[in-house]
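K.L.:
mind looking at a prediction? Sequence and model below.
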Amino acid sequence: QVQLVESGGGLVQAGDSLRLSCAASGRTFSSRPMGWFRQPPGQEREFVAAISWGGEARNYADSVKGRFTISRDNGRNTVDLQMNSLKPDDTAVYYCAAGPQYGGNYRTQRSFPYWGQGTQVTVSS
C-alpha cells in the first residue's frame, strides 16, 4: 500500500511559478513510476507529467511541455512538479499518482493504482 500527500498548491498570478510536492509512504517508492494529473473545473482529470521509477525517463502533456518539470528524490520518497510561466488554463486540482512496482512510463489514469487527495492550484489573469 502506498499513501500519497500533495502540498504546495495555492493562488498565483499568470506568469508566476509554483512547485508542488508529493510525499509517499512505504518502502516501494523507488520502484514505482510516478505521475501528476490535474482536473480543471468542470472537466475530466487529465495527464500532466510522469517519471520512470529510476528517474531517467520523463514525459509531459503537450500543454505543459517546456513549462513544467517533474523530478523525484528516491532517498526522500518525494516527487515534485515545478510549474513555470503559469497560465489561467493551468487552474485545476493537481493529483499525485503512483504506478505499479517496476511499471512503465505511463500516461493513463488506469495505470496508476494509488492516488493522493489533490492540491488546488489557481492562476489568476
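P.N.:
Yep, that arrived.

K.L.:
which residues does the residue most central in space within the chain contact?
P.N.:
The C-alpha lying nearest the average C-alpha coordinate of the chain belongs to Trp36 (C-alpha atoms, centre = their mean; 2.2 Å). Contact analysis of Trp36 by C-beta atoms under 8 Å, 6 or more residues apart in numbering lists 20, 22, 48-50, 70, 79, 81, 94-97. (C-beta placed from N, C-alpha, C; glycine too.)

K.L.:
just name the closest of these to Gln1, please.
P.N.:
Nearest to Gln1 among the contacts of Trp36 is Ala97, at 14.2 Å by C-beta to C-beta.

K.L.:
for the residue nearest to that closest one when sequence neighbours are not counted, give me its contacts.
P.N.:
Once flanking residues are discounted, Ala97 sits nearest to Phe112: 3.6 Å by C-beta to C-beta, 6 or more residues apart in numbering. Contact partners of Phe112, counting by C-beta under 8 Å, 6+ apart, are 35, 37, 97-99, 106.

K.L.:
let's see it at 7 Å
P.N.:
35, 97-99, 106 (C-beta atoms under 7 Å, 6 or more residues apart in numbering).

K.L.:
can you give me the pLDDT of Gly103?
P.N.:
Note on Gly103: pLDDT of 88.

K.L.:
actually Ala97, sorry about that
P.N.:
On the pLDDT scale, Ala97 is placed at 98.

K.L.:
which strand residues bridge it?
P.N.:
Gly35, Trp115 (DSSP bridges).

K.L.:
mind listing what's buried in stretch 94-101?
P.N.:
Of all the residues in stretch 94-101, those buried under the rule 16 or more other C-beta atoms under 10 Å are 94-100.

K.L.:
Gly85 in helix, strand or coil?
P.N.:
I think there's a mix-up here, since residue 85 is Ser and not Gly. coil (DSSP: H, G, I helix; E, B strand; the rest coil).

K.L.:
and what of Asp89?
P.N.:
Criterion first, three-state DSSP; result for Asp89: helix.
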